[in-house]
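K.L.:
Here is my input; please provide its structure:
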Amino acid sequence: MTNLTLYELEGCPYCAKVTTKLEDLELEYESIMVPRSHSERTEVEEVSGQTGVPVLVDEEHGVEGMAESDDIVEYLEETYGGAS
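P.N.:
Model prediction:
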């Protein structure tokens with residue numbers, strides 16, 4: 001079972017950067033594709049307070065809606081990267 005949820009948009013290069021890091025670290029995650037229209041992204045807005053993607057939720061570590069792909073990649077490396 002995974003505690004990671006990623007809100008993403010198909011074709012989003014920032015989202016792809018995060019999914020690549022998740023795959024590199026062999027982490028399981030739930031992917032939630034958001035609508036292309038920002039006005040329809042109510043779920044991601046409730047989680048993160050904004051409508052941009054990607055947004056990561058990590059229940060196990062109390063992350064309730066981290067935005068910004070660089071921040072997410074850094075967080076994943078620090079939290080799950082180990083000594084690699």
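K.L.:
Just give me the residue closest to the centre of this protein.
P.N.:
residue 56 (2.9 Å; CA atoms, centre = their mean).
K.L.:
pLDDT score assigned to residue 40?
P.N.:
Residue 40 is assigned 97 on the pLDDT scale.
K.L.:
Any idea how many residues pack against the nearest residue to it once chain neighbours are set aside?
P.N.:
Nearest residue to residue 40 in three dimensions, chain neighbours excluded: residue 34, at 7.9 Å (CB to CB, 6 or more residues apart in numbering). Just so you know, the C-beta spots here come from the backbone N, C-alpha and C atoms, and that holds for glycine as well. For residue 34, the neighbour count with other CB atoms under 10 Å is 23.
K.L.:
With residue 52 instead?
P.N.:
With other CB under 10 Å as criterion, residue 52 counts 18.
K.L.:
Tell me if I'm right that it and residue 67 touch.
P.N.:
Yes. The pair residue 52 / residue 67 is scored as a contact, 5.8 Å apart, by CB atoms under 8 Å.
K.L.:
May I see the buried residues of the strand or helix carrying residue 44?
P.N.:
Secondary-structure element containing residue 44, defined by DSSP states H and E: helix 42-48. Judged by neighbour count (16 or more other CB atoms under 10 Å), helix 42-48 contains these buried residues: 44, 45, 47, 48.
K.L.:
who's in contact with the closest residue to the first one other than its chain neighbours?
P.N.:
The shortest distance from residue 44 to any residue other than its chain neighbours is 4.5 Å, reached at residue 7 (CB to CB, 6+ apart). Residue 7 makes contact with 32, 34, 43, 44, 47, 48, 53, 54, 55, 56, 57, according to CB atoms under 8 Å, 6 or more residues apart in numbering.
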